[in-house]
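1. Could you look at this predicted model? Sequence included:
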Amino acid sequence: MEKGQKKKVVVIGGGTGTHTVLRGLKRYEKQLDLTAIVTMADSGGSTGRLRDEFGFLPVGDVRMALAALAKDIDSHQELLRELFLYRFSKGEGLSGHNFGNLLLVALTDILGSEEAAIRAAGKVLGVQGGVVPVTTEKVHLIAGYEKGAVLRSEHEIDEPPEALSKQRIVDLTVSPDVRINPKAEEAILNADMVVVGPGDLYTSVLANCVVSGMADALRRTRAPMVYVSNLMTKVGQTHDMGVKEHLAEMRRYLKRRPDIVVVNTSSFPEDLLERYAADGEFPVVNNTDKTDGEIITGDYVASEEVVTASGDVLKRSLIRHDSAKLADTLLDILTRV
């Protein structure tokens, strides 16, 4: 890495996974120019309610990325970041809503566009980097299952009915068929490294990739593509799927495989594994071989316990990646590619 020249890193996904990667990489802000490309298919929780009521693009994944990239050099900036992530636990009409979501909706209403709202919120938070919606059009995620069932929203796919909990998704699309945001395409084509994941395979990762033009951009970029594998399987999405099966699905939709795959091989706390197992979810097994490209393994599990915010009605992951360990590995990759 040339001294004084920042390397351009693009992170693709949404939600907690992208937040984790960005928080870690932000420590190297003097060396990196970061851009997050986030899904616009979110339809659950606070985001879904605001999307339905106001008709704007979903703001939840944007909020998480902005918060990850926000300055936290002093107590004032840290307080702003915490405020942006704050979720109301009571209050008629407010319970379950996130303050950052409400702020983004208000800014969109005032400024006339979601992109202007993102820029304004970024200035307030002192964001180091950029956050780009994968598309500027309103879309819904549609999943077709192996026995013929179809679900037509991200929230339904994320928390499917029991009858679909062990079925495979065989077709994923967005409706309407929209084009990639030109700013997202430009970021990918000009990147020095593209990081995909971690995050739910279909509702976070591939939700971006099925937008028209995204797969083409990922095939055309000269940047190495790094896939950060999930830690746990997901009911109704990746039941019984190992890392190899995750990669096969990415190849099916992208018509290419990642150049490098980062896989956790450390163990998890038994009490948390029991809680996941009760929901039919288990660690993603590393069943890769030499046909899957370069595989980097290690201990990438965060040691701190995840606490779900009061008022949050969505199911959240309890086991997450360690942002610092991930960032160190990604920076090492960047220095040698």
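-> Looks like it came in fine.

2. residues of the lowest-mean-pLDDT helix or strand in the chain that come out buried?
-> For the chain, using mean pLDDT, DSSP states H and E, the weakest element among its helices and strands is helix 75-85, scoring a mean of 84. Under the neighbour-count criterion of 16 or more other Cβ atoms under 10 Å, helix 75-85 has L80, R81, F84, L85 buried. Every C-beta, even on glycine, is put in place using the N, C-alpha and C of the backbone.

3. OK, contacts around the nearest residue to the second one once chain neighbours are set aside?
-> Excluding its sequence neighbours, the residue lying closest to R81 (Cβ to Cβ, 6 or more residues apart in numbering) is A70, at 4.4 Å. If a contact means Cβ atoms under 8 Å, 6 or more residues apart in numbering, then A70 has Q77, L80, R81, F84, L125, G126, V127, Q128 as its contacts.

4. And A70, how far from V195?
-> 19 Å (Cβ to Cβ, to the nearest Å).

5. just R49 next, same as before
-> For R49 relative to V195 (Cβ to Cβ), the value is 30 Å.

6. Of those two, give the one with the bigger neighbour count.
-> More crowded of R49 and V195, by other Cβ atoms under 10 Å: V195, with 30 against 15.

7. what kind of secondary structure is that one in?
-> Here V195 is recorded as strand under DSSP: H, G, I helix; E, B strand; the rest coil.

8. Surely it touches L330?
-> Yes: between V195 and L330 there is a contact under Cβ atoms under 8 Å: 6.3 Å.

9. Find residues that contact each of those two.
-> V9, V21, V226.

10. Would you verify that the last one is located in a strand?
-> Just to be clear, that refers to V226. Yes: V226 forms part of a strand when assessed by three-state DSSP.

11. from now on call the first residue 252
-> Taking 252 as the first residue, the last one we looked at is V477.

12. contacts for stretch 277-288?
-> Contacts of stretch 277-288 (Cβ under 8 Å, 6+ apart): 252, 257-264, 269, 273, 276, 316, 319-320, 379-385, 432, 435, 438-439, 442, 459, 575, 578, 582, 585.

13. Start and end of that stretch, how far apart?
-> 15 Å (Cα to Cα, to the nearest Å).

14. List the buried residues for it?
-> K277, Y279, Q282, L283, D284, L285, T286, A287, I288.

15. ok, of the residues you listed, which one's closest to T539?
-> Nearest to T539 among these, counting by Cβ to Cβ, is I288 at 25.4 Å.

16. What does the closest one show for phi and psi?
-> Backbone torsions for I288, taken as degrees, to the nearest 10, come to phi -110, psi 120.

17. any idea of the pLDDT on it?
-> pLDDT recorded at I288 is 98.

18. Just the pLDDT at K566, thanks.
-> On the pLDDT scale, K566 gets 49.

19. what does the least confident helix or strand of the chain contact?
-> 314, 317-318, 321-323, 349-351, 354, 372, 375-377.

20. Go again with 7 Å.
-> Here helix 326-336 makes contact (Cβ atoms under 7 Å, 6 or more residues apart in numbering) with R314, L317, A318, A321, K322, D323, F350, G351, V375, L376, G377.
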